[in-house]
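Chemist: Sharing a sequence plus its predicted fold:
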Amino acid sequence: MTERRANSLSEEPVLYETEAGLVLLQGMKVLAAERKGQVRAQGIVKIGERARADGMESIKAMDATASQELKRLGFSVSLLTEPELEELNSQKIAIIVRSGLAADDQEALDIVRQGALQAAEQKISTESSREDLQLVHGIQALDELDRFLNITSERVAEWYSLHFPELLQMIGDNVALSKLIIETGSRDQFTERKLEGKGFSEKKIEAIILAAERSKGGTVTERDINRVVGLAQIAVAVAADRDKLAEYVESTMKRIAPNTTNVAGPSIGARLIAKAGGLDRLARLPASTIQVLGAEKALFRSLRTGARPPKHGILFQHDAVHTAPKWQRGKIARALANKIAIAARIDFYRGEKEDSLTGTLERRLDEIRVKYKEPKESVAPKRSFRDDKRPRYGKGRKGRGFYKEPRSGQQDVRRRPYQNRRD
């Protein structure tokens, strides 16, 4: 096999690239070599000029970039096949030493190792610069800020309710309540002048002032109210950062995944990309997997226990899914996942906006709403073997049965050590 591959290589000169530099081979004979420099194209041109001086007209190249450079020099170029490339790679150390790019095998191994490390570092740097990975961390940070904001603002509302409980019934938004607490402080400071310009109607202002005067809440010291105001300031600052981060996620999604954004929305699309591990991985997932992304626990529980599998995961957050009747949600989630799979592939492989996706999705959703307007009659589920309460081994407890007294001639092993019960 090796001799046949070597004979195929000897028919035509080969431009082979190693970590030490470029080598022009004919079979396993080194015709020319050029050490690795800063500009790869310059080394290819120098090797090509030497080959032209030797009267060569055709050369085999490793990749398309080298092929284009050689074609500019007037050569007839073809690419190496996989078997030929494997043969050259198996002889790489010997080729480097024979071409004079390294003094011995150990130096050649060091050069190859250093080149592999540099290639890995370059790959890591390139992967870390991908915009979809920046988006993954952005949407994860947004979800964490949402949780922190909910906890902090809720704590502000509960703490302040000890002093002015009636205000919580009048203002449902905890962030707006935190802003009001920062500007007013204790309930004694609620005046018409401070409440103007806050978006309240005149009747609402009068009701707040009256409630402050007749409040059943307890009195607080200035030290206590300052701590509540400080916590409210944290909540308001987090809310402002959360809005900026949401704008960042939305603008990034519209730039790198416009079709996914149109179909699923910026936040849901970003969460799907984060769950898949990147836009490239989302583009390779089937629609059935996209449909249950985010519901992995329920999916594996259904596989383990035989329960019904989940109909949706992250897609439940979509308005078309969670506002639909229960018997329509699975079909709507399936149709939505189909369009998201197509949209993600267009975003990653083509990078162009396709306006027809949303139109076909809306028509499909309308068909589902009309066709499945009423739920089907429920069918009794099949009886699982786990529902069988009968004992498996004769009479007695399930799975084991009662202890039977030993017959005559048999020993009672109940009190013997476990390791001796085999005797």
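Modeler: Yep, that arrived.
Chemist: any weak-confidence spans in the protein?
Modeler: Scanning the chain for pLDDT under 70 picks out 1-11, 38, 377-423.
Chemist: Tell me if residue 22 really is in a strand.
Modeler: Yes - read with DSSP: H, G, I helix; E, B strand; the rest coil, residue 22 is one of the residues of a strand.
Chemist: and it, what does it touch?
Modeler: Contacts for residue 22 (CB atoms under 8 Å, 6 or more residues apart in numbering) come out as 15, 16, 33, 34, 36, 43, 44, 47. Where C-beta positions appear, they are placed from N, C-alpha and C, glycine not excepted.
Chemist: neighbours around the fifth one, how many?
Modeler: Going back to what we said before, that points to residue 36. Using other CB atoms under 10 Å, residue 36 has 15 other residues around it.
Chemist: Ok, the fourth one next?
Modeler: Burial of residue 34 is recorded as 21 neighbouring residues (other CB under 10 Å).
Chemist: if I pick it, what's in contact with it?
Modeler: 21, 22, 23, 43, 46, 47.
Chemist: hang on, the earlier thing: between the contacts of residue 22, which has the most around it?
Modeler: Neighbour-wise, those (other CB under 10 Å) top out at residue 15, 28 neighbours.
Chemist: Need the three-state assignment for it.
Modeler: Secondary structure assignment for residue 15 (three-state DSSP): strand.
Chemist: what is it paired to in the beta sheet?
Modeler: Taking DSSP bridges, one obtains residue 24 as the residues bridged to residue 15.
Chemist: pretty sure it contacts residue 44?
Modeler: Yes - using CB atoms under 8 Å, residue 15 is in contact with residue 44, at 7.1 Å.
Chemist: hey, what's in contact with both of those two?
Modeler: By CB under 8 Å, 6+ apart, residue 15 and residue 44 have these common neighbours: 22, 66, 70.
Chemist: how about the last one, what does it touch?
Modeler: Read it as residue 70. For residue 70, the contacting residues are 15, 44, 48, 59, 61, 77, by CB under 8 Å, 6+ apart.
Chemist: ok but it is inside a helix, no?
Modeler: Yes - assignment of residue 70 by three-state DSSP places it within a helix.
Chemist: The residue lying closest to residue 131 once chain neighbours are set aside - how many residues pack around it?
Modeler: Closest residue to residue 131 apart from its sequence neighbours, by CB to CB, 6 or more residues apart in numbering: residue 256 at 5.1 Å. Neighbourhood size, residue 256 [other CB under 10 Å]: 19.
Chemist: Would you mind measuring from residue 256 to residue 283?
Modeler: Using CB to CB, to the nearest Å, one obtains 12 Å as the distance from residue 256 to residue 283.
Chemist: just the helices in the stretch 251-400 of the chain please.
Modeler: Assigned by DSSP state H, counting those that start in this stretch, the stretch 251-400 of the chain shows helices spanning 258-264, 266-276, 279-284, 287-291, 296-305, 319-322, 326-345, 356-371.
Chemist: Quick one: those as a markdown table, columns for distance to residue 214 and mean neighbour count too.
Modeler: Below are these laid out as a markdown table (distance: least, CB to CB, whole Å; neighbours: other CB atoms under 10 Å):
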| stretch | distance to residue 214 | mean neighbour count |
| --- | --- | --- |
| helix 258-264 | 49 | 24 |
| helix 266-276 | 43 | 23 |
| helix 279-284 | 57 | 19 |
| helix 287-291 | 54 | 18 |
| helix 296-305 | 50 | 12 |
| helix 319-322 | 41 | 16 |
| helix 326-345 | 45 | 21 |
| helix 356-371 | 50 | 13 |
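Chemist: which residues touch the residue nearest to residue 78 when sequence neighbours are not counted?
Modeler: Closest residue to residue 78 apart from its sequence neighbours, by CB to CB, 6+ apart: residue 60 at 5.4 Å. When contacts are counted by CB under 8 Å, 6+ apart, residue 60 touches 12, 13, 14, 15, 77, 78, 79, 80, 84.
Chemist: Distance check, residue 60 against residue 286.
Modeler: Counting by CB to CB, the gap from residue 60 to residue 286 is 39 Å.
Chemist: coming back round to it: and which of the contacts of residue 60 is nearest to residue 152?
Modeler: Using CB to CB, residue 79 comes nearest to residue 152 of the contacts of residue 60, at 60.6 Å.
Chemist: returning to that earlier point: switch the contacts of residue 22 over to TSV; also include distance to residue 340 and secondary structure.
Modeler: Formatted as TSV, the contacts of residue 22 follow (distance: CB to CB, whole Å; DSSP: H, G, I helix; E, B strand; the rest coil):
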residue	distance to residue 340	secondary structure
15	45	strand
16	44	strand
33	52	strand
34	50	strand
36	45	coil
43	46	helix
44	44	helix
47	49	helix
